[in-house]
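Novice: structure for the following, please:
(one chain, ligands or ions: 1)
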Amino acid sequence: MSEMSRDDLRIVAGPANRVLADTVARELGGEPDPSAVERFPDGELRPWVRDVHGADVYVVQPTGPGGGDSIVALLLLLDACHRAGASRVTAVVPYFGYARQDRRQHGGQAVGARVIADALATAGAERLVVVDPHTPALEALCEIPVEMVTAVPVLAHGLAGTGDGFVVVAPDLGAVKLAERYAALLDTPVAIVRKHRESGSSVHAKELIGDVADRRPIIVDDMISTGGTIEAAAGVLLDHGAIPEIDVAATHGPLVPSAIRRLHALPIRRLLVTDSVAQHDAFAEVHTIAPLLTDTIRRLHEDKPLDDLLIRT
Ligand code: R5P
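Specialist: Here you go, the predicted model:
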């Protein structure tokens, strides 16, 4: 094992999105990470990190899709780095799952975001980097510092060429600020759909605030899972006379298999997501956040401010 110092930056690549993590490592001038997470026959995971002693370590691992194994692998990798003597351990979690459980909506529920945040800190993370989390409350839920960077400029760049005749649409009230950030970059008006979620896969949307008639909608959201939110919003937009050529942009695409079928049935012209979660379906245009993560990690390593990379709420 070679001797490392705090001057050495190391990327530890989790298994959930190795391509993204290895790309970041290469862009930072390093080699693909030799660490591995083995799986025992009974399903348990065992990580093995190498060459982290004394180094400034960034464990890159989204907590999805799916959650369970990705979260356990992230926790075990953080613990392994901490125990191997890393001088500082940062969890880089491009997609932070469970962020939708940031408060209890009914008695008997859990605050899942808090549970995961506490577990990361307990496992050895001293800082957390996330991309467009579902809720900015994540910062207040975590006992360690949280850097919330945004992929909106990446996706807005992918949407470039829009302008006259377009309208950015928030598919629910929680996406209004996000929609305003897109609209500012694309120079479009904003419309808002009011959504009511009935279950994990069923949502209803009826009311619309704003004018979409004879306009081309761009629905923006932090994530797409079942596609129910996009489907419901699209229905409202078409009912209000929007042109049936819809663009959709979401930072995270932890798409369940039925979501692809659901989205295929809609008049979607383009679907843009990032690679915060590994993507396997050719339907979505994938825009990489590797340069964003590379820039973030380089600046953290050099103790430089992240201001222009952060979400401005
Ligand atoms: C919820 O408020 C989120 O911002 C997304 O709108 C939602 O999680 C998307 O999930 P789905 O695709 O299952 O509707």
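
Novice: now do the SS call for whichever residue of the stretch 51-200 of the chain sits closest to the ligand.
Specialist: Shortest the stretch 51-200 of the chain-to-the ligand distance, computed as CB to the nearest ligand atom: residue-wise this is residue 174, at 4.7 Å. Bear in mind the C-beta positions are built from the backbone N, C-alpha and C, glycine included. State at residue 174, reduced to three classes by DSSP: H, G, I helix; E, B strand; the rest coil: helix.

Novice: can you name the residues that contact the closest residue in space to residue 296 that isn't next to it in sequence?
Specialist: Nearest residue to residue 296, sequence neighbours excluded (CB to CB, 6 or more residues apart in numbering): residue 149, at 5.3 Å. Residue 149 is in contact with 129-132, 292-293, 296, 306, 309-311, counting by CB atoms under 8 Å, 6 or more residues apart in numbering.

Novice: in PyMOL, select just the buried ones from those.
Specialist: The PyMOL selection below is limited to those of the contacts of residue 149 classed as buried (16 or more other CB atoms under 10 Å):
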select buried, resi 129+130+131+132+292+293+296+309+311
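
Novice: as CSV, the contacts of residue 149 with distance to residue 121 would be great.
Specialist: Output for those, formatted as CSV (distance: CB to CB, whole Å):
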residue, distance to residue 121
129, 14
130, 14
131, 19
132, 21
292, 24
293, 21
296, 19
306, 20
309, 23
310, 21
311, 21
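
Novice: mind checking which of the contacts of residue 149 are in helices?
Specialist: Taking DSSP state H as the definition of helices, those contribute 292-293, 296.

Novice: can you pull out the strands in the stretch 201-313 of the chain?
Specialist: 203-209, 216-223, 246-252, 268-274, 285-287 (DSSP state E, counting those that start in this stretch).

Novice: CA atoms of the longest one as CSV?
Specialist: Read that as strand 216-223. Extracted in CSV, the C-alpha atoms of strand 216-223 (Å, rounded to 0.1, in the frame of the first residue of the first chain):
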residue,chain,number,x,y,z
ARG,A,216,-44.8,24.0,-25.8
PRO,A,217,-44.5,22.8,-22.2
ILE,A,218,-41.2,21.8,-20.5
ILE,A,219,-42.1,19.9,-17.4
VAL,A,220,-39.3,20.0,-14.8
ASP,A,221,-38.9,18.0,-11.6
ASP,A,222,-36.2,16.8,-9.3
MET,A,223,-36.8,13.2,-10.1
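
Novice: let me see the contact set for the residue nearest the centre of the chain.
Specialist: Residue closest to the average C-alpha location in the chain (CA atoms, centre = their mean): residue 95, at 3.2 Å. Contacts here follow CB under 8 Å, 6+ apart; on that basis residue 95 touches 62-64, 131, 223, 252, 254, 276-277.
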